[in-house]
Structure formats: C-alpha cells, structure tokens
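1. my questions concern the predicted model and sequence given below.
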Amino acid sequence: MKLRETLHLPLSAGAAADMYADPRYAQVRRQTLRASSAESALEGDPAGAFTVRTTLMMPTDRVPDIVRPFVGSSVTIREEQAWSAAAADGSRTGTMTLDVVGTPAGMTAALRLSPTEQGSRVEIDGDLVAKVPLLGARLEKAAMPYVSTVLRAEERSAATYQAQSE
C-alpha cells in the first residue's frame with residue numbers, strides 16, 4: 001500500500017543530516033515514541049554519503065486490533081536510512097527500509113531531504129507491505145495510520161533534539 005508523508009523539520013537540511021547521524025537522536029526518538037529501547041549505528045559521515053541503522057523496541061498498545069495477534073505486546077523495528085552526499089543547496093536523496101522483526105510486515109521508501117525557509121522538509125514515498133495471504137491488504141490498511149503516526153513523530157523528535165542541542 002502506498003504511503004506518502006511530508007515532514008517539516010525545524011533544522012536546516014545540513015543540521016537534519018547531522019541529527020540523523022547522531023546516536024543521541026535515537027534516544028530522543030525513543031522518548032518521543034515511548035519505545036523501551038533504541039540503538040543506532042552510523043556508517044559513513046554526514047559530510048558525505050552515510051547510512052544509519054536504528055533498532056527500536058516499541059509497545060503495541062496503539063496498533064489496530066487486527067494487527068495485534070501478529071505482534072504481541074511489543075515489537076522490534078529495524079530501520080535503515082541511507083543518504084546520499086548533499087547537493088550544493090544541501091538537499092539529499094535517500095532510501096529507507098523498515099522491518100518489523102518476527103512479522104511479515106515492512107516498508108521501503110524513497111526519501112528526499114530539502115531546505116525550506118523555516119528549516120527543511122523530508123518527503124517519504126513508500127510502500128507498506130504485509131505479506132499475509134488473504135489478510136495482507138486489510139492489515140496494511142489497518143496499520144497505515146499507526147505507521148503514519150510513527151513517521152510524523154519525527155517532527156516532534158527533531159524539535160526536541162534541536163532544543164536539547166542549544
């Protein structure tokens with residue numbers, strides 16, 4: 001199922017890239033998402049192309065009832081964001097994969113980070129997939145608002161990160 005989100009971050013495109021690469025940002029996300037744990041690993045450097053791998057242990061108290069039998073009381077989400085080096089204007093392109101460990105669900109997306117007058121914008125153009133015979137489409141539709149909420153929490157996390165960095 002197609003998923004498109006546009007996130008507005010209070011940081012310049014360069015500062016947003018630095019934020020994504022900062023291991024402290026995983027802890028800010030943990031707090032925002034009420035995750036029980038968060039870890040991240042950086043490959044490369046935000047001065048150029050880089051990849052961030054994050055693992056979050058999330059409660060499932062807000063997931064739709066139809067999804068709960070597949071995930072239990074918590075779920076581990078593995079996220080990988082691979083970013084290109086910045087263009088002259090600071091913009092970057094990237095990819096994101098989300099895997100919900102132990103389930104047939106995941107997401108792949110194209111990313112675009114670009115500067116705006118107020119900070120930066122991240123455009124996410126992805127596909128949410130639940131590979132469950134006969135139920136896949138229903139699960140995807142039910143999970144879409146939850147996934148969207150998790151993605152949009154990035155705006156709050158970025159604002160918190162910015163406030164803590166000042």
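-> Nice, thanks for sending it over.
2. which helix or strand lies directly C-terminal to the helix or strand of the chain with the lowest mean pLDDT?
-> Between all helices and strands in the chain, the lowest mean by mean pLDDT, DSSP states H and E belongs to helix 68-71, at a mean of 63. Downstream of helix 68-71, the next assigned helix or strand under DSSP states H and E is strand 74-83.
3. please save the CA atoms from that next one in PDB.
-> Extracted C-alpha coordinates of strand 74-83, given in PDB (Å, rounded to 0.1, in the frame of the first residue of the first chain):
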ATOM      1  CA  SER A  74       5.900  -5.200  21.900                       C
ATOM      2  CA  VAL A  75       7.600  -5.200  18.500                       C
ATOM      3  CA  THR A  76      11.200  -4.600  17.400                       C
ATOM      4  CA  ILE A  77      11.500  -2.300  14.400                       C
ATOM      5  CA  ARG A  78      14.700  -2.200  12.400                       C
ATOM      6  CA  GLU A  79      15.100   0.900  10.300                       C
ATOM      7  CA  GLU A  80      17.800   1.700   7.800                       C
ATOM      8  CA  GLN A  81      18.200   5.100   6.200                       C
ATOM      9  CA  ALA A  82      20.800   5.500   3.500                       C
ATOM     10  CA  TRP A  83      21.500   9.100   2.500                       C
END
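4. surely Ser148 is in contact with Leu3?
-> Yes. Contact criterion C-beta atoms under 8 Å: Ser148 and Leu3 qualify, at 6.9 Å. Quick note: C-beta positions are derived from backbone N, CA and C, even for glycine.
5. pLDDT weak spots in the protein?
-> For the chain, applying pLDDT under 70 flags the ranges 62-72, 131-146.
6. now with 50?
-> Along the chain, no part satisfies pLDDT under 50.
7. tell me which residues in stretch 37-46 are buried?
-> Ala38, Ser40, Pro46 (16 or more other C-beta atoms under 10 Å).
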